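**Student:** Okay, here's the prediction I keep looking at, along with the sequence it came from:
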Amino acid sequence: MRKMRNATAHPGPDKSISMEDLRTGKAITRRYRNRRVGDFLKEIDLSERKSTGITKILRSLEANGSPPPEFETNEERDYLIVTIRQHKEFEVVEHVNEHVNEHVNEHVNRQNLIINALKDNPSFTLKQLEKITNISLATIRREMKALKNKNLLIRVGSDKSGYWEIVE
């Protein structure tokens, strides 16, 4: 299911603007109802203080193939809710991002296991770490290299008689 983003403005659009005007981008009025929202939209280049914000939103969404926004208000125009639905192509990007995050979390979890083991005994060898953490020797070497590159782990002394220092 596609995500959607809602934005709510109080007060809503001026009563001189119809819902059809909002949907078609013809929502033009010279009466400002909420200067703070107008200033915010101007700041992110979605408005020019000329009642063009809705038109720009519609144009931008149409240009990238997104579904049009949905507008909701009441008779008194106390509020305006604008719902913008996620473009279908971003669902793939989101899935890829979740996969990347899972991959990153695996690295972090392995690195945490290694660091915690070294906190218990900074003199552990790579073979001992392999047994204790149940991580393959090649992966331990790779994660240790990453930890050293991040300056989180330093080898003090020789490979044979030295120890690991954890930088915090």
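**Tutor:** Nice, thanks for sending it over. Predicted model only: the values in this text are computed from it and were never measured.

**Student:** Which residue ranges of this structure form strands?
**Tutor:** Applying DSSP state E to the chain gives strands spanning 4-9, 70-73, 80-85, 153-156, 163-166.

**Student:** May I have the last one as CSV, with CA atoms only?
**Tutor:** Meaning strand 163-166. Below are the C-alpha coordinates for strand 163-166, written out as CSV (Å, rounded to 0.1, in the frame of the first residue of the first chain):
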residue,chain,number,x,y,z
TYR,A,163,45.7,-6.5,22.6
TRP,A,164,42.8,-4.6,21.3
GLU,A,165,41.9,-1.1,22.5
ILE,A,166,38.4,0.1,22.1
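
**Student:** Direction included, what does that strand pair against?
**Tutor:** Strand 163-166 pairs in its sheet with strand 153-156 (antiparallel), by DSSP bridges.

**Student:** Go through the partner strand and flag the buried ones.
**Tutor:** Using 16 or more other CB atoms under 10 Å as the burial criterion, the residues of strand 153-156 that qualify are Leu153. Backbone N, C-alpha and C define where each C-beta goes, glycine included.

**Student:** what domains does the record give for the protein?
**Tutor:** Per the record, the chain has its domains at 4-86, 89-166, by automatic domain parsing.

**Student:** List just the one of the strands of the chain that sits closest to Lys119.
**Tutor:** Lys119 lies closest, by CB to CB, to one member of those: strand 163-166, at 6.3 Å.
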